[in-house]
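> sequence plus predicted model, see below.
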Amino acid sequence: MRYVDRSLVGEPASLAVDASDGARERVRAEAHYAQVPEPKNSYSFKAYKNDDVKDALRTLFHGKCAYCEIRYEGSQPVDVEHYRPKGGIEEVPGHRGYWWLAASWTNLLPSCIDCNRRRRQVSADYDMSPDELEVAHANLDNAEPGGKQNAFPTFDEVWAEPNEDLEQLEKPLLIDPTRTDPSQFFVWPNAEISVVLASPQGMQSDYPCAEMSIDIYALNRIGLVQARLEMRQDLDLHLQLLRMNAEDAMAADGERRAQLINRLTEHIVALRKRYEDPKHAFSTMLSAHLDAFENELAQLLY
């Protein structure tokens with residue numbers, strides 16, 4: 001998960017203006033929920049699924065899931081996800097959800113199916129080996145459900161109703177990467193597999209946000225960890241060659257040593273340009289892996 005500045009992409013036309021599809025739906029939804037007795041069924045929203053909304057989210061997130069950074073376009077349609085769920089809140093039986101935000105641009109994120117929908121998910125442990133990942137995947141039938149769906153936990157178990165001030169009343173426990181920089185909450189250990197952990201270096205009051213987001217978004221589900229591992233192994237092929245170059249630099253001296261170190265630096269810059277690009281899948285994890293490698297080189301060479 002990486003921070004994305006929502007202001008870089010304008011609000012889609014079908015949600016933006018007073019006469020837009022989204023505005024008309026909100027008026028109809030208000031009338032729907034104002035009925036007496038209150039209707040049992042939720043209002044069926046459609047505007048948030050418009051093509052211009054999907055296109056804007058694709059541009060904003062480069063065709064990647066807002067939560068796990070997987071590139072969804074190659075294998076599945078995007079789920080237009082409501083950060084604050086529109087049809088109910090899992091933690092509050094009877095709450096109708098944030099229906100008044102169903103067509104709000106600032107409440108929409110692109111998500112892969114596994115982050116957004118409630119499905120059985122096996123999560124990886126920190127000390128698992130790749131072989132153990134395969135064994136764990138075989139126990140999918142016994143797995144616990146994962147994926148956000150209508151989950152929206154808060155710190156103090158307070159949830160807003162229509163016309164109430166969300167920012168004043170609520171303290172969400174889930175991270176929205178367009179509102180908060182996730183880098184302050186997560187750490188990527190330099191382990192054999194690529195699991196994401198809650199960072200104890202974060203502010204203590206915010207620490208539960210990391211753990212809850214990892215759990216609710218299923219950010220360590222087996223298939224996702226395997227995909228990250230493959231990407232990291234691809235990067236490791238480059239890094240292994242650079243380690244060999246570093247050994248040559250250690251054995252050299254004078255001008256030759258300086259030339260080899262400059263060449264190492266140029267290669268690392270090139271790798272960062274490729275793997276840290278916001279368009280690249282799992283760019284946050286790969287950036288952390290490059291940071292760890294540069295620290296390793298510094299200890300070897302200086």
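Yep, it's here. Residues are numbered from 1 along each chain as shown.

> make it CA atoms for all contacts and neighbour counts henceforth
Will do.

> all strands of the chain, in order?
In the chain, the strands defined using DSSP state E lie at 79-82, 108-111, 119-121, 144-146, 186-187, 197-198.

> mind listing the strands the first one pairs with, and their directions?
Yep, that's strand 79-82 we're talking about. The sheet places strand 79-82 alongside strand 108-111 (antiparallel), with pairing taken from DSSP bridges.

> about what we covered before: of the strands of the chain, which is nearest Ala218?
Checking the strands of the chain against Ala218 by C-alpha to C-alpha gives strand 144-146 as the closest, at 5.5 Å.

> just checking, what packs against the closest one?
Contact here means 3 or more C-alpha pairs under 8 Å, 6 or more residues apart in numbering; DSSP states H and E; on that basis strand 144-146 packs against strand 119-121.

> each with direction, which strands does the strand it packs on pair with?
Applying DSSP bridges, strand 119-121 is found paired with strand 144-146 (antiparallel).

> tell me who's in contact with the residue sitting nearest the centre point of the chain.
Against the mean C-alpha coordinate of the chain, by C-alpha atoms, centre = their mean, the closest residue is Tyr67 at 1.7 Å. By C-alpha atoms under 8 Å, 6 or more residues apart in numbering, the contact set of Tyr67 is Met1, Ser111, Cys115, Pro177, Tyr217, Leu219.

> what number of residues lie near the last one?
The one in question is Leu219. With neighbours defined by other C-alpha atoms under 10 Å, the count for Leu219 comes to 25.

> show me the contacts for the nearest residue to it once chain neighbours are set aside.
Among residues not flanking Leu219 along the chain, Cys68 sits closest, at 6.2 Å (C-alpha to C-alpha, 6 or more residues apart in numbering). By C-alpha under 8 Å, 6+ apart, the contact list for Cys68 reads Met1, Cys115, Tyr217, Leu219, Phe282.

> of all those residues, which comes closest to His238?
The nearest member of the contacts of Cys68 to His238, counting by C-alpha to C-alpha, is Phe282 at 16.8 Å.

> so that closest one makes contact with Glu69?
Yes. Using C-alpha atoms under 8 Å, Phe282 makes contact with Glu69 at a distance of 5.2 Å.

> can you list residues touching both of those two?
Here Phe282 and Glu69 have Met1 as joint contacts, going by C-alpha under 8 Å, 6+ apart.

> how about the helices of the stretch 51-200 of the chain, start to end?
Counting by DSSP state H, counting those that start in this stretch, the stretch 51-200 of the chain has helices at residues 51-61, 113-116, 130-137, 166-169.

> for the third one, buried residues please.
By that I understand helix 130-137. The neighbour-count check on helix 130-137 (16 or more other C-alpha atoms under 10 Å) flags Pro130, Leu133, Ala136, His137 as buried.

> number of residues surrounding Tyr48?
Neighbourhood size, Tyr48 [other C-alpha under 10 Å]: 23.

> just His32 next, same as before
Neighbours of His32 under the rule other C-alpha under 10 Å: 15.

> swap in Glu164?
As a burial measure, Glu164 scores 11 neighbours (other C-alpha under 10 Å).

> can you tell me the closest non-neighbouring residue to Ser287?
The shortest distance from Ser287 to any non-neighbouring residue, by C-alpha to C-alpha, 6+ apart, is to Glu276 (5.6 Å).

> check contacts around that neighbour.
So Glu276 contacts Ser283, Thr284, Leu286, Ser287 (C-alpha under 8 Å, 6+ apart).

> now the first one: closest residue in space, sequence neighbours ignored.
Think Ser283. Closest residue in space to Ser283, ignoring its immediate chain neighbours: Glu276 at 4.9 Å, by C-alpha to C-alpha, 6+ apart.

> turn the buried ones among the contacts of Tyr67 into a named ChimeraX selection, would you?
Applying 16+ other C-alpha under 10 Å to the contacts of Tyr67, the buried members can be selected in ChimeraX as follows:
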select :1,111,115,177,217,219
